[in-house]
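Asker: I would like to see how this sequence folds:
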Amino acid sequence: MNQRDPRISRRDVVRGLSILAAGPWLLSCAATTPSDGAPGSNAAPDQEAAFPVTLTHKYGTTTVTAAPKRIVVVGLVEQDALLALGIVPVATSQWYEAPGGVFPWATEALGGAPLPTVLDNSSDGVPVEKVAALEPDLIIAVYSGITKKEYDLLSKLAPVAAQPGDYVDYGVPWDEATLTVAAAVGKPAAGQALVDRVRDKIAKAGEEFSGGTGAIVSPYEGVYVFGPEDPRGRLLQQLGFDFPSALLEGRPKNAYGWSLSAERAVDLDDLDVVIWLDTEQQVDSSLGKVWTSTKANVEGRDIYITPQGDEIYDAAFNMVTPLSLPYVLDRYVPQLRAAADGDPATKVPA
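Answerer: As a prediction, this is how the structure comes out:
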């Protein structure tokens, strides 16, 4: 992924800075696609061809005049929304590695369709020439950080659904991203139904955690904080955990995340849950007693999510899509429950 934030690579930090060498998994494992995130079969036909549709985004507006047939995804996760709506893109963009950018929780939605091409955007930004060669009639960049220059170049090829201007780059909420994708492909009713199903699952899962506090962090340059505008941070809040105000001190403007000094690990002391995107060994090695002496650590309120633990779960946790969320919640909620009880004898499930 090309990262426009000069302070840190989003691809690096979300996977845990110390474990970037973890290899990809193969999709030969059994696919698991929860019904809560599966494509809907009861979409209202009177709304499913809503063209032309005009989308508002960071760089202005884009009008899609007809149902697209060749969709290229240059954002990092929007293929899941498309697949959930019964549409297979011709290309996706590489973030976590999976054939075609289609992950185990989404393979059922793929059906027997050919796998999309995967675009490598890891070095020089969006590969515009490769996108052009795919002859797209819609380019989706909602969960992205494309620049104005890239947007202008891509707009010469096809209508571009770019990231919204109301959020930091890579900070659009999963539900808003899904609704934008659904509108762009003329399926607003199906998109709303999909979002409603997953929102309901999140709401029910979060009933037991209301009023707690929690944060998602990484031991990068001290303590890297994934803020309240980060999709994973938003999910934690939707599950009932408030973001701690102390961690906002030192936050740069328009940032989805930021680094605090290692000494600031003491600010995690009273949290009900602390989710580390790295291994326990790396966290302890990086922060030492300033972390291990906190109540959050001593009382077992910590959770560790890494590719070394489970690559598929790690990817699903970080992608935050209408298909990955039901997959994640089945495992994440028991982890949160065990961590939040404050009893060090309660083992947090892997």
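
Asker: pretty sure K204 sits in a helix.
Answerer: Yes: under DSSP: H, G, I helix; E, B strand; the rest coil, K204 falls within a helix.

Asker: any stretches of the stretch 51-200 of the chain with poor pLDDT?
Answerer: For the stretch 51-200 of the chain, applying pLDDT under 70 flags no range at all.

Asker: neighbours around the closest residue to I87 other than its chain neighbours, how many?
Answerer: In space, and not counting its chain neighbours, I87 is closest to V185: 5.9 Å by CB to CB, 6 or more residues apart in numbering. Where C-beta positions appear, they are placed from N, C-alpha and C, glycine not excepted. Residues near V185, counting by other CB atoms under 10 Å, number 27.

Asker: ok, P244 to W291 distance?
Answerer: Going from P244 to W291 by CB to CB, to the nearest Å gives 15 Å.

Asker: an error on my part: the question was meant for T63.
Answerer: 51 Å.

Asker: tell me which of the two has more neighbours.
Answerer: Between T63 and W291, counted using other CB under 10 Å, the more crowded position is W291 (23 against 10).

Asker: and that one, how far from D302?
Answerer: 9 Å.

Asker: one more: L271?
Answerer: Relative to D302, and taking CB to CB, L271 is found at 9 Å.

Asker: now the common contact residues for the two.
Answerer: A296 (CB atoms under 8 Å, 6 or more residues apart in numbering).

Asker: hang on, L110 packs against L83?
Answerer: Yes: if you go by CB atoms under 8 Å, L110 and L83 touch, sitting 6.1 Å apart.

Asker: can you list residues touching both of the two?
Answerer: Counting by CB under 8 Å, 6+ apart, the residues touching both L110 and L83 are V102.

Asker: neighbour count: these two, which is higher?
Answerer: L83 (31 against 19).

Asker: return the residues in contact with that one.
Answerer: By CB under 8 Å, 6+ apart, the contact set of L83 is 39, 102, 106, 109-110, 323.

Asker: and it, which helix or strand is it part of?
Answerer: Per DSSP states H and E, L83 falls inside helix 79-84.

Asker: so which elements touch the helix or strand that that helix is followed by?
Answerer: Following helix 79-84 in sequence order, the next helix or strand is strand 91-93 (DSSP H and E). In terms of contacts (3 or more CB pairs under 8 Å, 6 or more residues apart in numbering; DSSP states H and E), strand 91-93 is packed against strand 71-73, strand 117-119.

Asker: what's the most buried one of these?
Answerer: Among these, ranked by average contacts under mean count of other CB atoms under 10 Å, first place goes to strand 71-73 (a mean of 28).

Asker: now for that strand, which elements pack on it?
Answerer: Partner elements for strand 71-73 (3+ CB pairs under 8 Å, 6+ apart): helix 79-84, strand 91-93, strand 138-141.

Asker: nearest to D175, out of these?
Answerer: Nearest of the helices and strands packed on strand 71-73 to D175, taken as CB to CB: helix 79-84 at 10.0 Å.

Asker: can I get that closest one in CSV, CA atoms only?
Answerer: Extracted in CSV, the C-alpha atoms of helix 79-84 (Å, rounded to 0.1, in the frame of the first residue of the first chain):
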residue,chain,number,x,y,z
GLN,A,79,-13.8,-5.7,-2.7
ASP,A,80,-15.7,-7.1,0.3
ALA,A,81,-18.6,-4.7,-0.1
LEU,A,82,-18.8,-5.5,-3.8
LEU,A,83,-18.7,-9.2,-3.2
ALA,A,84,-21.4,-8.9,-0.5
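
Asker: for burial, what's the neighbour tally of the closest residue to V72 other than its chain neighbours?
Answerer: Of all residues not flanking V72 in the chain, P136 sits nearest, at 4.1 Å (CB to CB, 6+ apart). Neighbour count of P136, defined by other CB under 10 Å: 24.

Asker: for E129, same thing?
Answerer: E129 has 8 nearby residues by other CB under 10 Å.

Asker: out of the contacts of L83, which is most surrounded?
Answerer: So for the contacts of L83 (other CB under 10 Å), the most neighbours sit at L323, 31 neighbours.

Asker: surely that one meets E108?
Answerer: No: between L323 and E108 there is no contact under CB under 8 Å: 9.2 Å.

Asker: could I get the stretch of helix or strand W291 belongs to in CSV with only the CA atoms?
Answerer: Applying DSSP H and E as the criterion places W291 in helix 289-292. Extracted C-alpha coordinates of helix 289-292, given in CSV (Å, rounded to 0.1, in the frame of the first residue of the first chain):
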residue,chain,number,x,y,z
LYS,A,289,8.3,-2.4,33.2
VAL,A,290,6.6,0.8,32.2
TRP,A,291,4.0,-1.5,30.6
THR,A,292,4.3,-4.8,32.5
